[in-house]
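[1] I would like the atomic coordinates for the input below:
(2 chains)
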Amino acid sequence: MSTERRGVVQWLAVLLTAIVMAGPAQAKSWQHETGTLTLNQTPKRIVALNWAATEALLLLGITPVGVADRDGYGYWVQEPAMPEEGVANVGTRVAPSLEAVAQLEPDLIVTSTEMAPAADLLERIAPTYVVSVYKEGSTPFEKARGMLLTLGEMMGREDRARQVLADLEQTLKRQREQLENAGLTERPVALVSFLDQRHVRIYTRNGLFQKALDGLGLKNAWDTDGSYWGFSVIGLEAMADVTNARLVALEPFVPGLSDSLANSPFWTYLPPVQRDQVYQIPPAWPFGGVHAVKRLATSLTQALLEGGSNNVH
Amino acid sequence: MSTDSAAPSQQQPALPARLPFVAMLLWLIALTASAAPLLSGLSLPELLSAFWSYDGANYSTVLAHYSWAPRVAIAVLIGCGLGLAGAITQQILGNPLASPTTLGVAAGSQFGITLATLFAPGLLAFSPDIAAVGGGLLAIGLVIALTWRLGFSPVTVILAGLVVSFFLGAINMAFLLLKGEWLGNLYIWGAGSLVQNNWQPFLDLLPRVLTIAVLMLALMRPLQLLQLGQASASSLGGRVALVRALALFLVVLMSATVVSRVGMVAFVGLAAPVMARLLGARTLGQRLLWSTVMGGGFLLLADTLAHWATAWGGSSLVPTGTATALIGGPIILMALQSIRNTHHMPGQDTNPGSFLPKRRSLNTVAIALGGLLLVTTFISMAWSPGLEGWNWTPPWQWADAWVWRGPRLLAAILAGMALGMAGTLIQRMTGNPMGSPELLGISGGAALMMVIVVISGLEIGRFGQLAVATLGAAIALGLLILLARRHQFAGNQLLLGGLALSVFMDAGLRLVMASGGTVASRLLNWMYGSTWLVSETEALGLMALVLGFGVLLVLTLRPLMLLPLGSASASSLGLAVPRARLLLLLLASVLTAAATVVIGPMSFVGLIAPHLARVLGQQTVGRQLVVAALAGGFLLALADYLSRVVMYPNQLPAGLLAALVGGIYFLWGLSRHGRA
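    Modelled structure (predicted):
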């Protein structure tokens, strides 16, 4: 009897604390890149203005009410999948429609300093959390990790955020072992996207994908830093410098690429091509958040284990 | 004009010795610089043999044979082709600052390539020429259709070419902004890169370029007649229009064919003939020959510099288009010196008789435009799409809608008015119907600063944007004043200086474009106007500024009427000509700077609005000012509304829509006028 009563009291105490916590007296504040964000209660209606933030919210199991360039997300980012229903498109990532954002009546907007010129206007609509994964002088993965944890805190889902990160580290570790067992970690890797038949975007050490390479115990074949987005646009002829590397190409390709490459002795004499070390992997979003790292690492590991060829197809 | 240029051609003056000398020097420097980095790994004979063979066992020779040699060859081929095309264009239009780009060919080709990339990628893989030439022909077809009845009067052709360029260029940008992720190739194409990795593009181009060049040379005699001036040429053969059309067609073929493979290598078609002329090529034959030679050397040198800069920057691509623009700027500035003597300016030999629509009453036109402006304002506030479809906002709920629709609309109208007035001022002051704030380089200065900020990777807020743009406009203005003081603020020198400034901006823009991605689309977004970022405070500030300067404009009516009479007559009528020009320049610059911050440097409302006023029959200064302001305001109001609603929730920059809307109206006006 007494234990039962104590249980009830405890339960009431917990309930009371919960009510108090949820009340306005418990407003919590976060410092972010352009100011302070104060939330009186856990946000329910969130708008994300770039795909890195969209990805982080979906990872936490939260469906944003609005995202920028919703349809592009489905092709370029793909994972975690966006629910078919209930997410509104608020316009392009460089110039979202503020009126559409306002109409959604969000209680939190997540954006980056790219939107700095619109900061005051966004702040009028809802409290705005500004976090730039890609910015001069920052390490994208660390910033993405921080963004996920902070969003987890704001939403009361810190455990989930930590779980996602732990899962990522574990995946990387497991895949690294697979590669090591297969003896595939020695030779450096050059990660590229073909822009046309003559130019590629090569992913550099200061980018997001470096985290995947590090985690898998692979060396990036390209040893100069690129723009703060983590890539350089180079002419295909610059690939001649990375004679010792394996070449990993991210889809999609322009039509006619493989024919054009096959017809060019420049390409067929390229050392990685001669060694049949050209690997092709599905698109991963190089300007995304933590999940893009997992996605890349997974398809990269699989491609390396399956073995390469002498061309893209 | 006819006496100026016809006389020397009949005397067949000797070619100055410096011309072959400079050309040889240019080629020598270019070839040496291009070969230098490879000589560390290969001997000279090995390097030369790279043009026809390679050694499979030695990767350096493979690289030289399949990367370096075709790049050198294609640079020379394309440079020569563009140089020749440029010289022919200048001959057809009797204008030393015309180039294939002026005719809309480049924008047209890009349009073709964009459409092909998005909707028929197979075609592009099969042959990029078809798309590029198709687009180029579309552009020139528009130009010819619009100017046919005016017998291709050069000024109308250039004007139509410019408008077609803006128009197609705006469509290209819309695609880039909405589908950027899919168009990575187009960012590079727009920046121009000569990177090669096999001989196929060169072998494809060679027979085409040679054939077109031979056909062009076959047209030399009839083209020579053009030099005698329209009247004498007509009396000699009467087929002036036909010759022009034929030559234009060849120019399009040549330019579109070469750019289809490497993208927009800007200013070669302009700089090569200008260099040839500067160095003393006088007769048509000399100009064609030396422009071709100079073009080849020029592009090879520019491409080598781009290649060097690329290597120096850790292989990160510096596009050839950046280098041609950087070298082209100074050449145009040099041309400024020589062209002063020839009185041969873009658009100056306008024939007002053919461009004078019938007068209309000011009241009718002003009331009509004012009415349109009001209707646009009403619709813009009231009838908008939302997430659940279109809806109607009755006026008593406008207070809520104001935040998202009001300030941007107000700012757009004011920017349009400011640009309309500034454009009229500049066109009147320079007596040149092609004058516009955009061409004066003031918007270019603002844009250049923004490009620099973007390249340096700084994140600046809205206030920073405004400050930087204003600073850029002010610096450009200061430079222009310095530059123009020597010429007592005469109009055409200003336009040339402005052109040179825009060229530098272009160089930076291409650098950003080549890197593609979000940075490029953000910059493009700003360049085409960011009305969506305007707050009430900014809109009200702009209002105070534009209204204040509008009043000041009333004081300028007298000098504006006197200046086109020529400085001698104006002075004798008691006008302090240099001071009046300085004042007008200042006024125009402040108005432009204010507008540019809101609408970006690329709307070309400042060019279009004054023309609209003339097409609408307003000839005197005061009337043109009022109507141009109203037309500019209406144009941008409409553009801002459309930019918000046509692709909802995607927004297009309003300046882009202004170029589209204004372009359509302008083309229509021009064609109607041609029919009359």
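[2] ok, which stretches of chain B are strands?
    In chain order, chain B shows strands spanning B:383-386, B:389-392, with DSSP state E as the criterion.
[3] Out of the ones you listed, which is the most enclosed?
    Highest mean neighbour count of the strands of chain B: strand B:383-386, a mean of 16 (counted as mean count of other C-beta atoms under 10 Å in any protein chain shown). All C-beta atoms are positioned from the backbone trio N, CA, C, and that covers glycine.
[4] coming back round to it: output the strands of chain B in CSV; the columns should cover mean pLDDT.
    Written out in CSV, the entries for the strands of chain B read as follows (pLDDT from 0 to 100):
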stretch, mean pLDDT
strand B:383-386, 88
strand B:389-392, 88
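[5] These: which one's closest to chain A?
    When these are ranked by distance to chain A, counting by C-beta to the nearest C-beta, first place goes to strand B:383-386 at 5.6 Å.
[6] closest one to residue B:660 among the strands of chain B?
    Ranking these by distance to residue B:660, with C-beta to C-beta as the measure, places strand B:383-386 first at 18.9 Å.
[7] So in that sheet, which strands flank that closest one, and in what orientation?
    Partners of strand B:383-386 in the sheet, by DSSP bridges, are strand B:389-392 (antiparallel).
[8] what's the neighbour count on residue B:256?
    For residue B:256, the number of neighbouring residues by other C-beta atoms under 10 Å in any protein chain shown comes to 30.
[9] got a list of what it touches?
    Taking C-beta atoms under 8 Å, 6 or more residues apart in numbering or on different chains as the contact definition, residue B:256 lies against B:105, B:108-109, B:112, B:129, B:132-133, B:135-137.
[10] Reformat the strands of chain B as JSON lines; add distance to residue B:242.
    Formatted as JSON lines, the entries for the strands of chain B read as follows, by distance: least, C-beta to C-beta, whole Å:
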{"stretch": "strand B:383-386", "distance to residue B:242": "50"}
{"stretch": "strand B:389-392", "distance to residue B:242": "51"}
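[11] quick check: domain ranges of chain B?
    B:2-354, B:409-675 (automatic domain parsing).
[12] deepest of the ones you listed, which one?
    Mean neighbour counts were compared across the domains of chain B using mean count of other C-beta under 10 Å; the top stretch is domain B:409-675, at a mean of 23.
[13] Can you find the helix or strand in chain B with the smallest mean pLDDT?
    Sorting the helices and strands of chain B by mean pLDDT, DSSP states H and E puts helix B:2-11 at the bottom, at a mean of 41.
[14] Tell me how far whatever residue of chain B ends up closest to chain A lies from residue B:117.
    The shortest separation between chain B and chain A is 2.7 Å, found at residue B:125 (distances taken as C-beta to the nearest C-beta). In this structure, residue B:125 and residue B:117 are separated by 10 Å, where distance is defined by C-beta to C-beta, to the nearest Å.
[15] Ok, residue B:50 next?
    Taken as C-beta to C-beta, the span from residue B:50 to residue B:117 is 33 Å.
[16] Can I get the longest helix that chain A contains as PDB, trimmed to CA atoms?
    Under DSSP state H, the helix in chain A containing the largest number of residues is helix A:158-181. Presented in PDB, the C-alpha positions along helix A:158-181 are these (Å, rounded to 0.1, in the frame of the first residue of the first chain):
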ATOM      1  CA  GLU A 158      19.500  13.700 -28.100                       C
ATOM      2  CA  ASP A 159      19.600  10.000 -27.700                       C
ATOM      3  CA  ARG A 160      18.500   9.400 -31.200                       C
ATOM      4  CA  ALA A 161      21.200  11.800 -32.500                       C
ATOM      5  CA  ARG A 162      23.900  10.000 -30.500                       C
ATOM      6  CA  GLN A 163      22.600   6.700 -31.800                       C
ATOM      7  CA  VAL A 164      22.800   7.900 -35.400                       C
ATOM      8  CA  LEU A 165      26.400   9.000 -34.800                       C
ATOM      9  CA  ALA A 166      27.300   5.800 -33.100                       C
ATOM     10  CA  ASP A 167      25.800   3.800 -35.900                       C
ATOM     11  CA  LEU A 168      27.800   5.700 -38.400                       C
ATOM     12  CA  GLU A 169      31.100   5.100 -36.600                       C
ATOM     13  CA  GLN A 170      30.200   1.400 -36.300                       C
ATOM     14  CA  THR A 171      29.300   1.100 -39.900                       C
ATOM     15  CA  LEU A 172      32.600   2.800 -40.900                       C
ATOM     16  CA  LYS A 173      34.500   0.500 -38.600                       C
ATOM     17  CA  ARG A 174      32.800  -2.600 -40.000                       C
ATOM     18  CA  GLN A 175      33.400  -1.600 -43.600                       C
ATOM     19  CA  ARG A 176      37.000  -0.700 -42.800                       C
ATOM     20  CA  GLU A 177      37.600  -4.200 -41.500                       C
ATOM     21  CA  GLN A 178      36.000  -5.700 -44.600                       C
ATOM     22  CA  LEU A 179      38.300  -3.600 -46.800                       C
ATOM     23  CA  GLU A 180      41.300  -4.400 -44.700                       C
ATOM     24  CA  ASN A 181      40.600  -8.100 -44.800                       C
END
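[17] near chain A, which residues of the stretch 451-600 of chain B show up?
    Proximity of the stretch 451-600 of chain B to chain A is assessed by C-beta under 8 Å from any C-beta of the partner chain, with B:457-462, B:465, B:514-519, B:521-522, B:525, B:530, B:532-533, B:535 identified as the residues in range.
[18] For chain B, give me its nearest residue in chain A.
    Counting by C-beta to the nearest C-beta, chain A gets nearest chain B through residue A:256, at 2.7 Å.
[19] tally of neighbours for that residue?
    Considering only other C-beta under 10 Å, residue A:256 is surrounded by 15 other residues.
[20] excluding its backbone neighbours, what's nearest it?
    Taking C-beta to C-beta, 6 or more residues apart in numbering or on different chains as the measure, residue A:256 lies nearest to residue B:125, with 2.7 Å between them; neighbours along the chain are not counted.
[21] swap in residue A:117?
    residue B:462 (4.2 Å).
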